[in-house]
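Student: Okay, structure incoming, though there's no sequence with it:
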């Protein structure tokens, strides 16, 4: 899991956080980031920093379009077959008449008339992935952490016990329009 928000970021946002609360606040941040990824349906494709030489294996879909997990900054190789060692086909990713892609998109298109074949063949992709740490997601996590932190010890707050705080995490997140906006923005697999 990527770190959308650092402990330093959230402490600066809240202001006047004693060092004694660092462990609890970091635990809360980790839980909020994990919750956001789960609510966005991104458990399999979590928010991530830049990834060099990322390798993915995809099932072909019988079309000329393949969607990768993250936005592309550089495409290195596309190999089709049961394994990289014994490819059925290796596409020339440097040839614009064979493959099309653009920086910031996760879409790869075959322009050579071929398709990304269905199983049993697999598509092995190596590429540099751009950072997928959207500012809206980071702000939602920061604001939720600040809200929960500020509610510690409040009489009207209910049951969440993260780090000794009593805040109903679900209620805080459900009531936060920024959190809801971030979930809606990233639930469909958007890159921010």
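Tutor: On my side now, so go ahead. Keep in mind the model is a prediction, meaning the values are calculated, not measured.
Student: From here on, just use CA atoms for contacts and neighbour counts.
Tutor: OK.
Student: Quick one: list the elements packing against the helix or strand of the chain with the lowest mean pLDDT.
Tutor: In the chain, no helix or strand scores lower on mean pLDDT, DSSP states H and E than helix 169-175, which sits at a mean of 85. Packing contacts for helix 169-175, counted by 3 or more CA pairs under 8 Å, 6 or more residues apart in numbering; DSSP states H and E, involve helix 135-150, helix 177-187.
Student: which parts of it are buried?
Tutor: Along helix 169-175, these residues count as buried under the neighbour rule (16 or more other CA atoms under 10 Å): 169, 172-173.
Student: Which other helices and strands does the helix or strand that contains residue 27 contact?
Tutor: In this structure, residue 27 sits in helix 22-39 according to DSSP states H and E. Where contact means 3+ CA pairs under 8 Å, 6+ apart, helix 22-39 is packed against helix 7-14, helix 135-150, helix 177-187.
Student: just those: most buried one?
Tutor: helix 135-150 (a mean of 20; mean count of other CA atoms under 10 Å).
Student: on that earlier part again, specify the stretch among the helices and strands packed on helix 22-39 that is closest to residue 82.
Tutor: Taking CA to CA, helix 177-187 is the member of these nearest to residue 82, at 31.6 Å.
Student: tell me the mean pLDDT for the closest one?
Tutor: Across helix 177-187, the average pLDDT comes to 90.
Student: Then stretch 129-144?
Tutor: Mean predicted confidence for stretch 129-144 is 92.
Student: Likewise for stretch 4-13?
Tutor: For stretch 4-13, mean pLDDT is 93.
Student: Off-centre distance for that stretch?
Tutor: 18 Å (CA atoms, centre = their mean, to the nearest Å).
Student: now stretch 7-26
Tutor: That offset, for stretch 7-26, works out to 24 Å (CA atoms, centre = their mean).
Student: What's the end-to-end length of that stretch?
Tutor: Taking CA to CA, to the nearest Å, stretch 7-26 runs 6 Å from one end to the other.
Student: And stretch 96-109, by the same measure?
Tutor: The straight-line separation of the ends of stretch 96-109 (CA to CA) is 10 Å.
Student: likewise stretch 109-122?
Tutor: End-to-end distance (CA to CA), stretch 109-122: 16 Å.
Student: ok, back up a step: make CSV out of the helices and strands packed on helix 169-175 and add distance to residue 26.
Tutor: Rendered in CSV, the data for the helices and strands packed on helix 169-175 read as follows (distance: least, CA to CA, whole Å):
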stretch, distance to residue 26
helix 135-150, 10
helix 177-187, 19
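Student: Tell me which of those helices lies nearest to residue 36.
Tutor: The nearest among the helices and strands packed on helix 169-175, by CA to CA, is helix 177-187 at 6.8 Å.
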